[in-house]
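**Student:** Here is the input, now give the coordinates:
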Amino acid sequence: MSILKIPLMDKKEYDNLISEHYVSRIAFQGEYPYIAPFLYVFDGKFLYFLSTKYGKKIEMFRNNPHVAVEIEKYSSDLVDYKFVTLQGKIEQVKDSSAKMIVRKLFVDMIKEKNLSSNIMAALGHSPQDPPESLLDGEKSYVWKLRDVENIIGIKNSE
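**Tutor:** Okay, here's the model as predicted:
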């Protein structure tokens with residue numbers, strides 16, 4: 001009996017998957033792997049994340065910026081599923097104008113996807129704060145995935 005290999009996605013397919021979604025998981029390296037969910041935006045070339053300025057992820061990022069990022073799509077009965085994993089490095093964006101562009105992308109994404117105001121707490125803000133408050137304060141870091149060394153996209157069907 002032979003093993004069935006799950007088909008791989010091509011670049012267009014995994015770029016589409018990444019573009020359609022906004023929640024990822026980032027695996028950080030440490031004594032044990034640490035996995036945390038992150039909202040992200042994709043500008044067609046890079047993935048960007050907002051990170052609160054506290055928590056285990058900050059220490060792990062500072063100790064080792066090499067990460068794996070996973071984005072998935074699946075139906076509740078798993079008749080359809082796709083996922084992509086990207087391995088690279090997270091860097092903190094420090095340029096003020098670049099940070100503002102990314103923060104604006106997050107504001108637009110939150111509004112376009114009609115996300116709950118509760119998501120603001122995951123970004124270091126009060127749920128009562130409007131999405132535009134992401135533009136005003138420095139309550140979160142802006143991170144960029146760069147130096148991607150490996151991308152694996154898997155799907156259950158053609």
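**Student:** Low-confidence stretches in the protein?
**Tutor:** With pLDDT under 70 as the threshold, the chain has low-confidence stretches at 137, 157-158.
**Student:** rerun at 80
**Tutor:** Residue ranges of the chain with pLDDT under 80: 1, 4-5, 137-138, 157-158.
**Student:** ok, longest helix in it?
**Tutor:** If you go by DSSP state H, the chain has its longest helix at helix 96-112.
**Student:** So what touches the helix or strand that comes right after that helix?
**Tutor:** Scanning forward in sequence from helix 96-112 by DSSP states H and E, the next helix or strand is helix 119-122. Contacts with helix 119-122, where a contact means C-beta atoms under 8 Å, 6 or more residues apart in numbering, come from 37, 39, 52, 110, 126-129, 131, 133. Where you see a C-beta, it was placed from the backbone N, CA and C, and this is true even at glycine.
**Student:** returning to what we had before: which strands and helices lie in contact with the longest helix of the chain?
**Tutor:** Contacts of helix 96-112 with other secondary structure elements, assessed using 3 or more C-beta pairs under 8 Å, 6 or more residues apart in numbering; DSSP states H and E, are made with strand 34-42, strand 47-52, helix 133-136, strand 140-155.
**Student:** still on that earlier bit, can you tell me which of the contacts of helix 119-122 has the most neighbours?
**Tutor:** Ranked by neighbour count under the definition other C-beta atoms under 10 Å, the contacts of helix 119-122 are headed by residue 110 with 22 neighbours.
**Student:** returning to that earlier point: for the contacts of helix 119-122, name the two members farthest from one another.
**Tutor:** Put simply, by C-beta to C-beta the two of the contacts of helix 119-122 set farthest apart are 37 and 128, 22.0 Å from each other.
**Student:** still on that earlier bit, check the helices and strands packed on helix 96-112 for me and report the most buried one.
**Tutor:** With neighbours defined as mean count of other C-beta atoms under 10 Å, the helices and strands packed on helix 96-112 peak in mean count at strand 47-52, which reaches a mean of 21.
**Student:** Output the contacting helices and strands for it.
**Tutor:** Contacting strand 47-52 under the criterion 3+ C-beta pairs under 8 Å, 6+ apart are the following elements: strand 23-28, strand 34-42, helix 56-63, helix 96-112, strand 140-155.
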